[in-house]
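# Return a 3D structure for these sequence lines:
(2 chains)
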Amino acid sequence: MAQKPKVAFYWCASCGGCEETVIDLDEKVLDVVAAVDIVFWPCAMDFKYSDIETMADGSIAVSFINGAIRTSEQEHVARLLRNKSALVVAFGDCAWMGGIPALANLKSKKGIFNRSYLESPTIVNPEKIVPLEKSVYKGTEVTLPKFYDTVYKLDDIMEVDYYLPGCPPTAKIVANALAAVVAGQLPERKSVLASDKSLCSSCSRNETKPDSVIIKEFKRIHQVIADPETCFLAQGIVCMGPSTRDGCDYPCIKGNMPCTGCFGPVAGADQGARMTAALGGVIESEEEADIERVVSGIPDPAGTFYRYGLSASLLGSKRKDKI
Amino acid sequence: MDDFNPAIIAFVCNWCSYAGADKAGGQKLPYPSNVKLIRVMCSGRVDPQFVMKAFREGADGVMVLGCHPGDCHYRNGNMKALRRFKLLERMLSQLGIEKERFKLDWVSAGESARFQELAKKMTDTIKKLGPLHLRGMVESEVA
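Numbering: from 1, shown residues only, chains lettered A, B, ... in the order given. Next comes the predicted model:
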């Protein structure tokens, strides 16, 4: 019998939702288990890093890595899996473009540590203890991984072969990706394994979008009762559809919630820049002061437009050519 | 900071601001060579992505210059630019780029002196601010 392809799963700075997606494959997960040999999946099964270290380079067919890179341990294991794997797939938004953890890049590391360990009203820390890479406890030196200044996306630190979008990726696109790996029918390397079009192209509400959308005031979803059939933008509600990749089968829209952009930018675009262009273009106002009032209806543009991808922003990622 | 020679990109509209800059040249009005012009058909053509890319590729400051309100060759392209860049300005400051590093303003075809003035002012402002460093995270928050 031919050997089954070896598959590894790993998580870095992430919430565990991507692991959940694998479970969401339901009974199809049994097909996966039948078709492949899972050699590493710390979230679900008992493995040690040494299990991977002793394997031959390139012997894992594919490693699915979710989560952004914030610590030296995450970088170390990601690089280890890179060496041992023929293919590495960035699984979900955090690995692809930084995800929710990358919003931390809007603040300094020092500010985050101060807030989390010293200033937060729920913290009682009279000795002002903060995590250190090295400290001595009862005469023993204990160490923690280094906490980087920046939240990196996976391909900031190493080569990545494919990207699976979503927060988390839907069971359908995961199943498609797994099937493509098993069948050896993957598209061109470095592809995002989803549509290149925008969500609006398949949205069920597209037909209710007027020829020219006009926004006089931005409304947030908790301020209005959204009509369940009409295009959110036509209702003045920020919907990330125009700049977001299609392929999720719009569960949020079906639940009467606007798209928040988790499938990342459409091919070739910067998600925030595209959204700024789209929304800025449809504001109906000619007076500078009034325009300022309208745009202040989006209190946190960076967090809204790059909710899942600040590390992939033109300005949120490191200018590697200069520094 | 005397040796700091900032790079400033100015997107100028073909119909007004470029002509204004051209006139400044014709009249031999000197303006700092730090300001590099990119001619576009309309300030409304300047996608926020162009501005962000300019910063990413090394610009320390970016200007978008269009026709005065009411004068747009395409009727309201400049107003579209105004709306977009009001939104972009808010986002840039969140990303750690001081608001002085980006400027949207109007220069008509006859306003060579105004172009010269804006170019000088922007260069002075950026020289005072110093070079822009994009490090992938915000080191200190800006207003």
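
# which residues of chain B fall in strands?
B:8-13, B:35-40, B:61-66, B:102-106 (DSSP state E).

# Now mean pLDDT too, for those strands, in TSV please.
Formatted as TSV, those follow (pLDDT from 0 to 100):
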stretch	mean pLDDT
strand B:8-13	98
strand B:35-40	98
strand B:61-66	98
strand B:102-106	97
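
# which stretch among the ones you listed comes nearest chain A?
With C-beta to the nearest C-beta as the criterion, chain A lies closest to strand B:102-106 of the strands of chain B, at 10.0 Å. For glycine as for every other residue, the C-beta is placed from the backbone atoms N, C-alpha and C.

# list the helices and strands the closest one packs on?
strand B:61-66, helix B:77-94, helix B:112-129 (3 or more C-beta pairs under 8 Å, 6 or more residues apart in numbering or on different chains; DSSP states H and E).

# centre of the chain versus the last one, how much separation?
This means helix B:112-129. Chain-centre distance of helix B:112-129: 10 Å, with C-alpha atoms, centre = their mean, to the nearest Å.

# repeat for the shortest one
Once both centres are worked out by C-alpha atoms, centre = their mean, strand B:61-66 turns out to sit 2 Å from its chain's centre.

# May I have the distance across stretch A:298-313, first residue to last?
Taking C-alpha to C-alpha, to the nearest Å, stretch A:298-313 runs 19 Å from one end to the other.

# typo on my end, stretch A:184-202
Terminal-residue distance, stretch A:184-202 (C-alpha to C-alpha): 28 Å.

# rank the helices and strands packed on strand B:102-106 by mean pLDDT and give me the bottom one.
Lowest mean pLDDT within those: helix B:77-94, at a mean of 94.

# quick one: is it near chain A?
Yes: judged by C-beta under 8 Å from any C-beta of the partner chain, helix B:77-94 comes into contact with chain A through B:79-80, B:82-88, B:90-92, B:94.

# quick revisit: would you mind putting the helices and strands packed on strand B:102-106 into JSON lines with distance to residue B:30 and mean neighbour count alongside?
Formatted as JSON lines, the helices and strands packed on strand B:102-106 follow (distance: least, C-beta to C-beta, whole Å; neighbours: other C-beta atoms under 10 Å in any protein chain shown):
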{"stretch": "strand B:61-66", "distance to residue B:30": "17", "mean neighbour count": "28"}
{"stretch": "helix B:77-94", "distance to residue B:30": "27", "mean neighbour count": "24"}
{"stretch": "helix B:112-129", "distance to residue B:30": "7", "mean neighbour count": "19"}
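
# Throw the ones you listed into CSV and include distance to residue A:171, thanks.
Shown next, in CSV, are these (distance: least, C-beta to C-beta, whole Å):
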stretch, distance to residue A:171
strand B:61-66, 43
helix B:77-94, 33
helix B:112-129, 49
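
# which other residues reach stretch A:179-198?
Outside of stretch A:179-198, the residues within contact range by C-beta atoms under 8 Å, 6 or more residues apart in numbering or on different chains are A:5, A:7, A:35-36, A:61-62, A:87, A:89, A:96, A:160-166, A:173, A:176-177, A:201-202, A:241-247, A:263-264, A:266-267.

# Show me which of those are buried.
A:5, A:7, A:36, A:61-62, A:87, A:89, A:96, A:160-166, A:173, A:176-177, A:202, A:241-247, A:263-264, A:266 (16 or more other C-beta atoms under 10 Å in any protein chain shown).

# Run through the strands of chain A in chain order.
Going by DSSP E, chain A shows strands at A:6-11, A:37-40, A:60-66, A:69-71, A:85-91, A:134-137, A:140-143, A:147-152, A:162-164.

# Those strands: which one's closest to chain B?
Closest among the strands of chain A, once you apply C-beta to the nearest C-beta, is strand A:147-152, at 4.2 Å.

# Pull up the pairing partners for the closest one, direction included.
Using DSSP bridges, strand A:147-152 pairs in its sheet with strand A:69-71 (antiparallel).

# ok, back up a step: if we check chain B, which of the contacts of stretch A:179-198 are in contact?
Okay, of the contacts of stretch A:179-198, nothing touches chain B (C-beta under 8 Å from any C-beta).

# So which of the buried ones among the contacts of stretch A:179-198 are in helices?
With DSSP state H as the criterion, helices contain A:96, A:173, A:176, A:177 from among the buried ones among the contacts of stretch A:179-198.

# could these go into TSV alongside pLDDT?
Below are these laid out as TSV (pLDDT from 0 to 100):
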residue	pLDDT
A:96	96
A:173	92
A:176	89
A:177	88
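
# List just the nearest of those residues to residue B:37.
Comparing these against residue B:37 with C-beta to C-beta places residue A:96 closest, at 36.7 Å.

# Count the neighbours of the residue in chain A that chain B sits nearest to for me.
Proximity of chain A to chain B (C-beta to the nearest C-beta) peaks at residue A:280, 3.0 Å away. Per other C-beta atoms under 10 Å in any protein chain shown, the neighbour tally for residue A:280 reads 22.

# Pretty sure it sits against residue B:85.
Yes: under the criterion of C-beta atoms under 8 Å, residue A:280 makes contact with residue B:85 at 7.3 Å.
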